[in-house]
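# Quick one, what's the 3D model for this:
(one chain, ligands or ions: 3)
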Amino acid sequence: MKLIYFPRSFAGLARAGLAVIMLALALLGSARPAAAASVNAAPSGSGFNISGVGNGQILFYGLQQPYINSNGVLTWPSGTDVKYTFGNGSTILFLGGLRPNTTYHWALGNSYGTLGKTLQRRVDISFNAITVTNDSDSTGAGELYYFFKANGVYHSELDFYRSTSATVTFNPNRSISAIFNGNAFMSLAVELVDDDCTFSTCKPTNPTFSRYGDNGDFEWATGATSIDFSSVNTNYVQKTVSYSANEFVMAFSGTALVTVWYY
Ligand SMILES: [Ca+2]
Ligand SMILES: [Ca+2]
Ligand SMILES: [Ca+2]
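Numbering: from 1, shown residues only. Ligands and ions are numbered 1, 2, ... in the order given. Here you go, the predicted model:
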């Protein structure tokens, strides 16, 4: 009898457990706005392909889940970086330029939900051309040191020295591989420093990447830009970005080939 009794009791318990789970799911479901299912998002490139946003409707999005407050008003938690976009009449709305590897939430009217997590991003940068139009020395070539910074990180392993006589274009042949994730935008800067030490040769250290300057021993200038991924809605793209400095102490411009993977 016991051999039979225990399995039957077990089955009863299992049924009761299942009922509790289904009730919990039903309650969860009823707590969600009915229209939530109408907005769907698929990660792609720097954001999401979104369906369910009508022409002219405003889709808000942010880094934390909104909620309905006690007055029935949809509210975003403080500190949420809430932005918005408009439905443009197309079935699929691309929302790009988001932080990689980051969960985003949406709200439309009093409905809300989770868009999902953006794809991870890998970026390779190849500095492939520099044109120096003012080497900062009126007589002869400038004694120029070259410094590179990307995604907020100074890459000292890329430093080089090149006696440079304007105007000249050359390939610095410097690259940075495998910068993973980070912010929606990626900063990039190149600084040139000229040695003007009168009685000896000075080697600059600790580049400041400040816009320009002259301290008697050195003259310097920085060309900076920001890589914009907002239009990238595919999972692989190459684009060329340019930077320039056009200061009275020094002037140059350059390009970098940027390769981007989302995965
Ligand atoms: Ca100089
Ligand atoms: Ca010169
Ligand atoms: Ca000099």
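# residues touching the residue of the stretch 101-250 of the chain found nearest ligand 1, list them.
Using Cβ to the ion, the single residue of the stretch 101-250 of the chain nearest to ligand 1 is residue 136, 3.5 Å away. In short, each C-beta sits where N, CA and C put it, glycine included. By Cβ atoms under 8 Å, 6 or more residues apart in numbering, residue 136 lies in contact with 142, 144, 194, 196, 219, 249-250.
# 6 Å instead?
142, 194, 219, 249-250 (Cβ atoms under 6 Å, 6 or more residues apart in numbering).
# And this protein, split by domain according to the record?
1-31, 33-117, 121-262 (automatic domain parsing).
# Between the contacts of residue 136, which sits nearest ligand 2?
Ligand 2 lies nearest to residue 142 out of the contacts of residue 136, by Cβ to the ion, at 5.6 Å.
# Apart from its chain neighbours, what residue comes closest to the closest one?
Of all residues not flanking residue 142 in the chain, residue 135 sits nearest, at 3.2 Å (Cβ to Cβ, 6 or more residues apart in numbering).
# Distance of residue 257 relative to residue 124?
Distance from residue 257 to residue 124, counting by Cβ to Cβ, to the nearest Å: 8 Å.
# can you count the residues close to residue 148?
Neighbour count for residue 148, taken as other Cβ atoms under 10 Å: 25.
# Residue ranges in the protein under the pLDDT threshold?
In the predicted model of the chain, residues 1-37, 200 satisfy pLDDT under 70.
# Okay, helices next: where are they in it?
Under the criterion DSSP state H, helices of the chain are mapped to 2-31.
# That one against ligand 1: which residues are in contact?
When proximity is defined as Cβ under 5 Å from the ion, the chain approaches ligand 1 at 136-137, 194, 196, 219.
# ok, and of those residues, which contact ligand 2?
residue 137.
# of all the residues of the chain next to ligand 1, which two lie farthest apart?
137 and 219 (8.5 Å; Cβ to Cβ).
# So those two - more neighbours on which side?
Set residue 137 next to residue 219 and count neighbours by other Cβ under 10 Å: residue 219 wins out with 24 against 19.
# Surely that one touches residue 249?
Yes - counting by Cβ atoms under 6 Å, residue 219 does reach residue 249; the two are 4.4 Å apart.
# Identify the residue spatially nearest to residue 132, adjacent ones excluded.
Closest to residue 132 by Cβ to Cβ, 6+ apart is residue 252, at 4.5 Å.
# measure residue 231 to residue 111 for me?
Residue 231 is 28 Å from residue 111, by Cβ to Cβ.
# Return the residues of the chain in contact with ligand 2.
135, 137.
# Would you enumerate the residues in contact with the residue sitting nearest the centre point of the chain?
With distances taken as Cα atoms, centre = their mean, residue 184 lies nearest the centre of the chain, 2.3 Å away. Going by Cβ under 6 Å, 6+ apart, residue 184 touches 97-99.
# got JSON lines for those, with distance to residue 203 and neighbour count too?
Below are the contacts of residue 184 laid out as JSON lines (distance: Cβ to Cβ, whole Å; neighbours: other Cβ atoms under 10 Å):
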{"residue": "97", "distance to residue 203": "40", "neighbour count": "16"}
{"residue": "98", "distance to residue 203": "42", "neighbour count": "22"}
{"residue": "99", "distance to residue 203": "38", "neighbour count": "19"}
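# what about the residue lying closest to residue 261 once chain neighbours are set aside, neighbour count?
In this structure, residue 261 finds its nearest non-sequential neighbour in residue 122, 4.5 Å apart by Cβ to Cβ, 6+ apart. When neighbours are counted by other Cβ under 10 Å, residue 122 registers 16.
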